[in-house]
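Q: Dropping the sequence and predicted coords here.
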Amino acid sequence: MANARNVLIMISLVWLSACKNNNNLSDAYGNFEAIQVTVSAESAGRIHNFEIEEGSQPDSGLIVARIDTTDLYLKKLQLLAQKNAVSVKRSSVASQVEVQQQQKANLLVEKNRITKLIADKAATPKQLDDLNGAIELVDKQVASINTQNTGIAEEMEIIDRQIAQVNESIRKCYIRNPVKGTVLSKYAEAGEFAAPGRALYKIADLSVMELKVYVSGTQLPVIKQGQQVEVLIDADKKTNRKLSGVISWISPRAEFTPKIIQTKEERVNLVYGVKIRVPNDGSLKIAMPAEVNFTAKSE
């Protein structure tokens, strides 16, 4: 009887232990991610004033480096000089028109005088005809001179576009930090030569991390976007630390189970990706493993 009682006690302990272990299992497992932005050069030239370091936290929009703009600045000065030369041509055309208009005004005065003389029979109609012909000629000359303005306007527009293009190239020489975050890696130093597309540094906003986990289809009914969940990270070798997170994304379609991912149940053929946003107090790192419970578990 004693042996039978001992066997029953042992079976009960094993069953209780199994139940306890089962209750402690988390619903899903995954790793923390962050949106990483690789900032690259858009122009070629030597890098100046590149003083950010790995771990620094520059603000969004801050100029963190400058690529040499000497050649572009000289080209801009050349274009401005050309624009001034074209402006002089435009002024010259205006002066020519003014001269012709003054000549026409003189002819009109003479025409009025001849008209009066003809009325008094002191001048001939031929004199009036000659004046009308001279006035008509002046009008044609003015029209001819004004056609030069069209070419000048087109030339000015071309130069303005070239200046705008140079200004845009100069703007690209100033490296502005795109997002507020933490510099993860730095790939260049001041004094080195940059080329378009060369990566300069990588930055990520670590204030809120995303825990990506995978769940089976049977778990989908108990989760929804916006749901608050319990996230567990390692406090030490034996205990976990609890954090709060919110489900921000649930994959609309299934995919094959990644080999590195464990789920609550035994491995299945298809799973759904889920992302959980977790505020970072500084303890969360990229690729750090974590567990998640979609409903709070009792200790």
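A: In hand now; what should we look at? For clarity, every value in this text was computed on a predicted model and none was experimentally measured. Numbering: from 1, shown residues only.

Q: Assign a three-state SS to the residue nearest the centre of the chain, would you?
A: Centroid check for the chain by Cα atoms, centre = their mean gives Pro178 as the closest residue, at 6.7 Å. Secondary structure for Pro178, judged by DSSP: H, G, I helix; E, B strand; the rest coil, is coil.

Q: Name the nearest residue to it, sequence neighbours excluded.
A: Nearest residue to Pro178 in three dimensions, chain neighbours excluded: Val37, at 5.7 Å (Cβ to Cβ, 6 or more residues apart in numbering). Backbone N, C-alpha and C define where each C-beta goes, glycine included.

Q: Just say helix, strand or coil for Val278.
A: strand.

Q: wait, Arg46
A: The assignment at Arg46 comes out as strand when based on three-state DSSP.

Q: Next up, the contacts around it.
A: 67-68, 191-194 (Cβ atoms under 8 Å, 6 or more residues apart in numbering).

Q: Please list all residues in contact with Thr69.
A: Contacts for Thr69 were tallied using Cβ under 8 Å, 6+ apart; they are 45, 170, 173.

Q: all strands of the chain, in order?
A: Secondary structure of the chain, counting by DSSP state E: strands at 28-33, 36-40, 45-48, 63-67, 174-176, 182-186, 193-194, 199-204, 208-215, 228-234, 240-250, 255-256, 270-279, 289-293.

Q: Looking at those, which one is packed in the most?
A: Across these, averaging neighbours per residue (mean count of other Cβ atoms under 10 Å) puts strand 208-215 on top, at a mean of 22.

Q: which strand residues sit across from the closest residue to Tyr214 other than its chain neighbours in the sheet?
A: Nearest-residue entry for Tyr214: Val271, 4.1 Å, with adjacent residues in sequence omitted and distances by Cβ to Cβ, 6+ apart. Under DSSP bridges, the beta-bridge partners of Val271 are Glu255.

Q: likewise the one 5 residues further on?
A: According to DSSP bridges, Leu211, Ile247 are recorded as the beta-bridge partners of Ile276.

Q: State the distance from it to Ile118.
A: 102 Å (Cβ to Cβ, to the nearest Å).

Q: from the chain's centre, how far out does the longest helix anywhere in the chain sit?
A: Identified as the longest helix of the chain according to DSSP state H is helix 70-119. Mean C-alpha position of helix 70-119 versus that of the full chain (Cα atoms, centre = their mean, to the nearest Å) differs by 47 Å.

Q: which secondary structure elements does that helix contact?
A: When contacts are defined as 3 or more Cβ pairs under 8 Å, 6 or more residues apart in numbering; DSSP states H and E, helix 70-119 sits against helix 125-172.

Q: Hey, what's the angle from the helix it packs on to helix 70-119? Just curious.
A: Computed with axes from the mean of the first three to the mean of the last three Cα atoms, to 10 degrees, the direction of helix 125-172 lies at 170 degrees from that of helix 70-119.

Q: elements contacting helix 125-172?
A: Packing partners of helix 125-172 (3+ Cβ pairs under 8 Å, 6+ apart): helix 70-119.

Q: can you tell me the average pLDDT over the helix it packs on?
A: Taken as a whole, helix 70-119 has a mean pLDDT of 83.

Q: now swap in stretch 136-152 and tell me
A: 74.

Q: Return the set of buried residues in it.
A: Within stretch 136-152, the residues that count as buried by 16 or more other Cβ atoms under 10 Å are 138, 141-142, 145, 152.

Q: how about the residues you listed in CSV, adding distance to Gln78?
A: Rendered in CSV, the data for the buried residues of stretch 136-152 read as follows (distance: Cβ to Cβ, whole Å):
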residue, distance to Gln78
Val138, 39
Gln141, 34
Val142, 34
Ile145, 29
Ile152, 19
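
Q: Of these, just say which sits nearest to Tyr201.
A: Ile152 (47.2 Å; Cβ to Cβ).

Q: Give me the distance between that closest one and Leu72.
A: Looking at Ile152 against Leu72, where the rule is Cβ to Cβ, the gap reads 26 Å.

Q: again with Lys202
A: Per Cβ to Cβ, Lys202 is found 27 Å from Leu72.
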